[in-house]
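[1] Provided below are the primary sequence and the corresponding predicted coordinates.
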Amino acid sequence: MEGGSSGSDGGGGGMGKTATWMKLHSPMYDRATRHPFILGISDGSVDLSAFKRWLAQDYIFVREFVPFLASILLKACKHSDDESDMEVLLGGMAALSDELAWFRKEASKWDVNLAGVIPQKANMDYCSFLQSLMLPEVDYAVVITAFWAIETVYQESFSLCLHSSSKTPEELMETCQRWGNTSFGHYCRSLQKIADRCLEKAPSDIIKRAEEAFIRVLEHEINFWNMSFAE
Ligand SMILES: Cc1ncc(CO)c(N)n1
C-alpha cells in the first residue's frame, strides 16, 4: 500500500498514509469536496436559503469544534514527540475564536438568528462523532487524522469556489476565502504532516482506526452538506 514515489505527500520520501487514503477512497473524498452545494456556489446557482441554513448549522458545529480541538491539544501535550505540533494546534485554536466572531457577523448580514437555530440530525450526529473522539482513550494519531480531514474537506471545497473559472456570487466570496485561502491551505498541510508522522510510527490497529475515522469524517461531511438542501 505504501507505493508512490514523491510529490503528493508534502514531506520527504514516499507517499504518506493520508495521501494513500485520499486516493484509495477518492470517490467518497470527491463527493465530500465537490458536493452539489459547493458546485452551486462556484457556478452561482446556489439557493441563498440553502446557504443560510448551512451558515446557521455550521455555527453550531464550530462551537463544538472548540472542546474537540482542546482535547487534541491535551493529547499533543501528553503524547506528541514534536513541540511544533503545539504551535500549529494553538494557531488553529486562535483562529477559531476569530471564526466564531465571523459567524456572528455573517449571520447578522444574512438576518439569520443564531440563538434560535435548532441543530439538525446530521449536525447532531457529527457532533456526537466529535464527542466520541474526545475520549481520553482515543489515540492522538486517530484524532489528528480526523482533524486534518475535517479541515481539508472545507479547504478543498471552498478553494474550488475561488478558481478563476468559478462564478461565485460576490456576497459569498468572504465565506469561500475564509476556508479556501492559501494560508488555510498551508495550515491543512501542516496538519497532514503531523498526521503522517504519527501514522508512520503507529501500530497497525491504530492505523486501521485512523483510516476508519477518515472515512467517517467524509460521510459526516457529505451528510452535513446535504443538510443545506433539506427544509
Ligand atoms: C461541517 C464542517 N466541517 C469542517 C469545517 C472546517 O472547520 C467546518 N467549519 N464545518
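    Nice, thanks for sending it over.
[2] nearest residue to the residue in the chain positioned nearest to the ligand other than its sequence neighbours?
    Proximity of the chain to the ligand (CB to the nearest ligand atom) peaks at residue 154, 3.8 Å away. All C-beta spots, glycine's among them, are computed from the backbone N, C-alpha and C. Leaving aside its chain neighbours, residue 154 sits nearest to residue 179 (4.3 Å; criterion: CB to CB, 6 or more residues apart in numbering).
[3] Which parts of this protein are helices?
    All helices of the chain, identified by DSSP state H, fall at 17-24, 26-33, 36-43, 48-79, 84-109, 121-134, 140-160, 173-180, 182-201, 204-227.
[4] Dump the ones you listed into CSV; add mean neighbour count and mean pLDDT as well.
    Output for the helices of the chain, formatted as CSV (neighbours: other CB atoms under 10 Å; pLDDT from 0 to 100):
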stretch, mean neighbour count, mean pLDDT
helix 17-24, 20, 98
helix 26-33, 16, 98
helix 36-43, 19, 97
helix 48-79, 17, 96
helix 84-109, 15, 96
helix 121-134, 17, 98
helix 140-160, 24, 98
helix 173-180, 18, 97
helix 182-201, 18, 97
helix 204-227, 18, 98
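[5] can you put these in a markdown table and add distance to residue 167?
    Formatted as a markdown table, the helices of the chain follow (distance: least, CB to CB, whole Å):
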| stretch | distance to residue 167 |
| --- | --- |
| helix 17-24 | 27 |
| helix 26-33 | 19 |
| helix 36-43 | 6 |
| helix 48-79 | 15 |
| helix 84-109 | 21 |
| helix 121-134 | 27 |
| helix 140-160 | 12 |
| helix 173-180 | 11 |
| helix 182-201 | 21 |
| helix 204-227 | 19 |
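[6] if we can go back for a sec, tell me the contacts of the residue nearest to residue 154?
    Shown in contact with residue 179 (CB atoms under 8 Å, 6 or more residues apart in numbering): 154, 155, 157, 158, 159.
[7] Between these, which sits nearest residue 172?
    Checking the contacts of residue 179 against residue 172 with CB to CB, the nearest one is residue 158 at 9.6 Å.
[8] Surely that closest one and residue 175 touch.
    Yes - here residue 158 reaches residue 175: they are 7.2 Å apart, a contact under CB atoms under 8 Å.
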